[in-house]
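*Asks:* build me a model:
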Amino acid sequence: MKTCIQTLTIAACALAFAGSIRADESVAGTWKGQFDSQIGQQKYTYVFKVDGTNVTGTATGEREMGTNTVAITEGTVSTNEIFFVEPLKFQDNELRIEYTGTVNGDQIKFHRKVGDVAEEDFVAHRVRVASVTSGMKRAPMPDTNAPPAKP
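*Replies:* Reported below is the predicted structural model:
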């Protein structure tokens, strides 16, 4: 019985550790999303950096009125959940925009709460960086079974 409890304890610790690694790998990087709001179409780029369960980075919003980049605050991440705040100054008013999201592969389903004013749901997608060689064409390799060249 004691061995069974020890085995379960070790397995639980291993899963918890694996979950924290997965969160870092799942969230760190650049993500893009867009949604309609009370002030029109908004396009966002999020750059997340993860240190353990803490998330930092930036949120860049593109709106008809212009582009604004802010540092995200209060960021946390668990196995597949993310939370952070976008502190935004809008027309001389401080707005607290809270994000909660569920990570699933290369997408995050976000719920965005703008103070007591508005709420939106949208999906952000991971931006994959193409490797340097992906755009390069390889020279054709000679066919090793080709007949010998004629003199």
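
*Asks:* so who does the nearest residue in space to residue 37 that is not next to it in sequence touch?
*Replies:* Leaving out its chain neighbours, the residue that sits closest to residue 37 by CB to CB, 6 or more residues apart in numbering is residue 120, at 5.8 Å. To be clear about C-beta, it is placed using only N, CA and C from the backbone, and glycine gets the same treatment. Counting by CB atoms under 8 Å, 6 or more residues apart in numbering, residue 120 touches 35, 36, 37, 111, 112, 114.

*Asks:* nearest to residue 49, of those residues?
*Replies:* Within those, distances to residue 49 taken as CB to CB reach their minimum at residue 112, with 20.2 Å.

*Asks:* is the closest one in a helix, a strand, or coil?
*Replies:* strand (DSSP: H, G, I helix; E, B strand; the rest coil).

*Asks:* check the spatially closest residue to it that is not a sequence neighbour and give its pLDDT.
*Replies:* In space, residue 112 comes closest to residue 120 once its chain neighbours are excluded; the distance is 4.7 Å by CB to CB, 6+ apart. Note for residue 120: predicted pLDDT of 95.
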